[in-house]
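Trainee: sequence and computational prediction follow.
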Amino acid sequence: MQFRQKALSKLQSPEELDLPVRLARPQGRLVLAVTFLVMVAAAYWALTGSVSASQSAPGVLSGPEGGYVLESPVTGQVTRLLAGEGDSLAPGAPLLLVATDEGDQEVAAVAGGRVTTLIAREGAVLTAGDEVATLEHEPQGDQPLIAVLYLSGDSASAVPVGARVDLDVQSAPRERFGVLRGRVQAVGSAQTPEQLAGYLGDAQLAASFAEQGNPVPVIVELETAGDTESGYRWSSADGPPFALGSRTPVTGTIRLSEQRPVDWLLP
């Protein structure tokens, strides 16, 4: 009843012109101020900031000339290994001996290079055409390593030459050493598993990259640095305290473009 009487009194005198009007409490003013600052910051970022588009892809570190698979030209049993993994062979240098019906025969490194994988073992029986080793062509002079990433055709078509690339190196954990820096040097054409095996010197590795179809190789030039142990530039100050080897697995993140947010927010 008391509430009803107050309501009736207010209806009889709705205008209280002598009382000040409170627009907002202090807490409300603070919320309004923060909201205004956020809106200003968002507008500034939309006009001046940028959004990066990226593409990730698996790959390997490699010598600039790639590698090849060495096959046995004869049938017989391996009696002796004349070189091991990591050894460098001149063109025509013998890799192993095979006992055949015509006596011991040498299997030589046709084009020379560094032995990356030795498939044949002493006592193994070979048939002509069997793979016995993979070799990597020796770089000329002080040529640095490159990274070769493998993308699908649709993804590779969007990769521009010169794009920045960050490489996660399997032998150098990102949490400790950061990422290896590089830039896209060239975008190739689709490769068959046979072509991949010829370049990589490893049929199994080639098959893993070709699981989703014929991939496109993207060649990444590594950025060199004279003050790191590896000789390359990393996101960390020093990078890993060891040299990098070819055939090391990597995962690359290619920075495709930098686009202003207002470009895709507006129709």
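Mentor: Perfect, thanks for sending it. Values in this document were obtained by computation on a predicted structure and should not be read as measured data.
Trainee: do a quick rundown of the strands in this protein.
Mentor: For the chain, strands defined by DSSP state E occupy the ranges 51-62, 67-71, 76-81, 88-89, 94-100, 103-108, 113-118, 125-126, 131-136, 146-151, 164-169, 180-187, 216-222, 249-259.
Trainee: orientation of the longest one relative to strand 180-187 in degrees?
Mentor: Right, strand 51-62. With axes from the mean of the first three to the mean of the last three C-alpha atoms, to 10 degrees applied, the angle from strand 51-62 to strand 180-187 works out at 90 degrees.
Trainee: pLDDT below threshold where in the stretch 101-250 of the chain?
Mentor: Confidence mapping of the stretch 101-250 of the chain against pLDDT under 70 gives the ranges 139-141.
Trainee: which ones are touching the residue nearest to residue 136 when sequence neighbours are not counted?
Mentor: Spatially, and ignoring its direct neighbours in sequence, residue 136 is nearest to residue 67 (4.0 Å; C-beta to C-beta, 6 or more residues apart in numbering). Placement of C-beta: from N, CA and C, glycine included. By C-beta atoms under 8 Å, 6 or more residues apart in numbering, the contact set of residue 67 is 113, 116, 134, 135, 136, 137, 199, 200, 201, 202, 246.
Trainee: what of residue 82?
Mentor: Contacts of residue 82 (C-beta under 8 Å, 6+ apart): 94, 95, 96, 97, 106.
Trainee: any idea which of those residues is closest to residue 254?
Mentor: residue 95 (37.7 Å; C-beta to C-beta).
Trainee: give me the contact list for stretch 111-127.
Mentor: 67-68, 72, 74-81, 83-93, 95-96, 98, 109, 130-138, 201-202, 246-247.
Trainee: residue 185 versus residue 208, what's the distance?
Mentor: The spacing between residue 208 and residue 185, counted by C-beta to C-beta, to the nearest Å, is 23 Å.
Trainee: no no, residue 213
Mentor: 23 Å.
Trainee: which one's more surrounded, the two?
Mentor: Set residue 213 next to residue 185 and count neighbours by other C-beta atoms under 10 Å: residue 185 wins out with 16 against 9.
Trainee: residues touching that one, list them.
Mentor: Residue 185 is in contact with 146, 161, 219, 220, 221, counting by C-beta under 8 Å, 6+ apart.
Trainee: just the buried ones from those?
Mentor: Using 16 or more other C-beta atoms under 10 Å as the burial test, the contacts of residue 185 include 146, 219, 220, 221 as buried.
Trainee: let's have those residues in JSON lines, adding distance to residue 60.
Mentor: Shown next, in JSON lines, are the buried ones among the contacts of residue 185 (distance: C-beta to C-beta, whole Å):
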{"residue": "146", "distance to residue 60": "10"}
{"residue": "219", "distance to residue 60": "12"}
{"residue": "220", "distance to residue 60": "11"}
{"residue": "221", "distance to residue 60": "15"}
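Trainee: what's the farthest-apart pair in those?
Mentor: 219 and 221 (7.2 Å).
Trainee: hmm, back to that, which one of the buried ones among the contacts of residue 185 is nearest to residue 242?
Mentor: The closest of these to residue 242 turns out to be residue 146 (C-beta to C-beta; 18.7 Å).
Trainee: thought the closest one was touching residue 60?
Mentor: No - counting by C-beta atoms under 8 Å, residue 146 stays clear of residue 60, with 9.7 Å between them.
Trainee: who touches both of these two?
Mentor: Counting by C-beta under 8 Å, 6+ apart, no residue touches both residue 146 and residue 60.
Trainee: now the helices for the stretch 151-267 of the chain?
Mentor: Ranges of helices within the stretch 151-267 of the chain are 153-156, 174-177, 193-200, 203-209, 261-265, based on DSSP state H, counting those that start in this stretch.
Trainee: to residue 231, which of those helices lies closest?
Mentor: Here helix 174-177 is closest among the helices of the stretch 151-267 of the chain (C-beta to C-beta), at 13.9 Å.
Trainee: buried residues, that closest one. List them.
Mentor: Neighbour-count burial for helix 174-177, counted by 16+ other C-beta under 10 Å, picks out 174, 177.
Trainee: same question, stretch 96-116
Mentor: By neighbour count with 16+ other C-beta under 10 Å, stretch 96-116 contains the buried residues 96-98, 105, 107-111, 113-116.
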